[in-house]
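1. The following block contains a protein sequence and its predicted model.
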Amino acid sequence: MKILLLGDYSGCHASLSAGLRRLGHDVTLVSDGCTFMQIQPDVMLARNPGVIGSVRYLAQILGHIGRWKGYDVVQFINPHFLNLRPGKLEKIFRTIRRNNRSLSVTLCSEDMTFADALLNSDIFRYSEAKVEGVPTEFYRSNPNFFEGWLRQETADYHRFFYDNCDSLVAVLPEYAMAAERYHPGKTYKGGIPIDLSRHPFSPLEIKDKVRVFLGYKTHLMQKKGTDKLQRVLRELARELPDRMELIEAHDLPFDTYLERMKSADVVVDQLYAYSPATNALNAMAMGKVVATGCEPEYAQWLGTDESLPLIALRPTDTDIKSHLREYILDPERLRNMGVASRRLVEQYNEMTVVAQKYIDAWKTSASTF
């Protein structure tokens, strides 16, 4: 098939493109390189600040849009696949709709559907917006972050966009849970594709200290709960100076981030998640033990009843520090979990495995294949 991937987020479409190519498909990836992550696409479309930057960005898009036709599938990263306002996006979307066979969207970040589920439903026991019905510190400080998605202009555009997509492919159970409420029958399981060739497995060799890694984007610390985890980990490092070493990294290009992570034994990721996301899965592919969300919905998503090799974190836990301490003081347990982590990613998230799920969704949802 001839496939166009429009937009990217945390390298999801970059890995998907590699998986699709390995399966023999003709793929073009258009993105902004995931901003500071500097992931090189086939076609770079990045918007620079200021009026001149905006004019040049729009001129670039207009120069490329004539080539965005004749594809079997166009896969959007989300309704905001380009850095434009809804009115302009809708016009571009209509052109793409006319000139290609099937349209699909990757559910992997905020949109009107996800924001409404977080704020106005009881789908989630906790999230970055609310924990057991109580607004989080992040939501109280940044109410427009979520409510902005529900403004009339944005909501109307999102409804139009989703109504005119043939399929919605979720990378995590959280996004599927939200989308199925609004788009029943159009939502499919995908997953986050991981390029295992970039992450050679290395068994944990823990000697004196367990090396704990915390990587983050500074502007998302409060949203992801990383600020709380950072405080806990710094306290633990002070309390266990002979058993634990804390490594922190922030706002790094993707390749540099991965290189820093290689030195770790345990990687601590998001607090409000139900399942491991991109950073966590990259770490697991290396054979690291990851502390992040691991709710029953994640096991159901995978279709397994086996114990999963994750240190489960929840914002409702009364003592996250004691929970993490238990694992840090048990190196043999960590070694075994590291091996199981790699196996899990091989089974469920290897890039061709995930790419095939996208292909299956496209073929199921569109009568043209």
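-> Received, thanks.
2. so where do the strands sit in this protein?
-> Assigned by DSSP state E, the strands in the chain fall at 2-6, 26-31, 43-44, 73-76, 102-107, 130-131, 134-135, 167-170, 187-189, 210-216, 244-250, 266-268, 289-292, 310-312.
3. Sheet partners, orientation included, of the fourth one?
-> Strand partners for strand 73-76, identified by DSSP bridges, are recorded as strand 2-6 (parallel), strand 102-107 (parallel).
4. where's residue 193 relative to residue 170, distance?
-> For residue 193, the distance to residue 170 equals 13 Å [Cβ to Cβ, to the nearest Å]. Backbone N, C-alpha and C define where each C-beta goes, glycine included.
5. Of the two, which one has the most company?
-> Of the pair residue 193 and residue 170, residue 193 is the one with more neighbours under other Cβ atoms under 10 Å, namely 27 against 23.
6. Show me the helices in the stretch 1-150 of the chain, by range?
-> In order along the chain, the stretch 1-150 of the chain carries the following helices (DSSP state H, counting those that start in this stretch): 12-22, 50-65, 86-99, 112-120, 137-141, 143-147.
7. Could you name the helices and strands sitting against the last one?
-> With contacts defined as 3 or more Cβ pairs under 8 Å, 6 or more residues apart in numbering; DSSP states H and E, helix 143-147 has these neighbours: helix 112-120, helix 137-141.
8. With distance to residue 46 and mean pLDDT as added columns, please give those in JSON lines.
-> As requested, the helices and strands packed on helix 143-147 are arranged in JSON lines below (distance: least, Cβ to Cβ, whole Å; pLDDT from 0 to 100):
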{"stretch": "helix 112-120", "distance to residue 46": "25", "mean pLDDT": "94"}
{"stretch": "helix 137-141", "distance to residue 46": "27", "mean pLDDT": "94"}
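9. Redo those as JSON lines? Include distance to residue 180 and mean neighbour count.
-> Conversion of the helices and strands packed on helix 143-147 to JSON lines gives the following (distance: least, Cβ to Cβ, whole Å; neighbours: other Cβ atoms under 10 Å):
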{"stretch": "helix 112-120", "distance to residue 180": "10", "mean neighbour count": "20"}
{"stretch": "helix 137-141", "distance to residue 180": "23", "mean neighbour count": "15"}
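10. Out of these, flag the one nearest residue 176.
-> Nearest to residue 176 among those is helix 112-120; the distance by Cβ to Cβ comes to 10.6 Å.
11. Touching the closest one from outside, list them.
-> Residues from elsewhere that reach helix 112-120 (Cβ atoms under 8 Å, 6 or more residues apart in numbering): 79, 107, 123-124, 127-130, 146-147, 149-150, 154-155, 158-159, 162, 174-175, 177-179, 181-183.
12. now the strands paired with strand 73-76 in a markdown table, with mean pLDDT?
-> Rendered in a markdown table, the data for those read as follows (pLDDT from 0 to 100):
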| stretch | mean pLDDT |
| --- | --- |
| strand 2-6 | 98 |
| strand 102-107 | 97 |
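13. for those, which one sits closest to residue 356?
-> For residue 356, the closest of the strands paired with strand 73-76 is strand 2-6, at 13.1 Å, according to Cβ to Cβ.
14. C-alpha coordinates for that closest one, CSV please?
-> Extracted as CSV, the C-alpha positions of strand 2-6 are listed here (Å, rounded to 0.1, in the frame of the first residue of the first chain):
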residue,chain,number,x,y,z
LYS,A,2,1.0,3.6,-0.5
ILE,A,3,0.7,5.4,2.9
LEU,A,4,1.0,9.0,4.0
LEU,A,5,1.6,9.7,7.7
LEU,A,6,0.8,13.3,8.6
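15. would TSV of the strands paired with strand 73-76 with mean neighbour count and distance to residue 21 be doable?
-> Formatted as TSV, the entries for the strands paired with strand 73-76 read as follows, by neighbours: other Cβ atoms under 10 Å; distance: least, Cβ to Cβ, whole Å:
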stretch	mean neighbour count	distance to residue 21
strand 2-6	24	9
strand 102-107	24	17
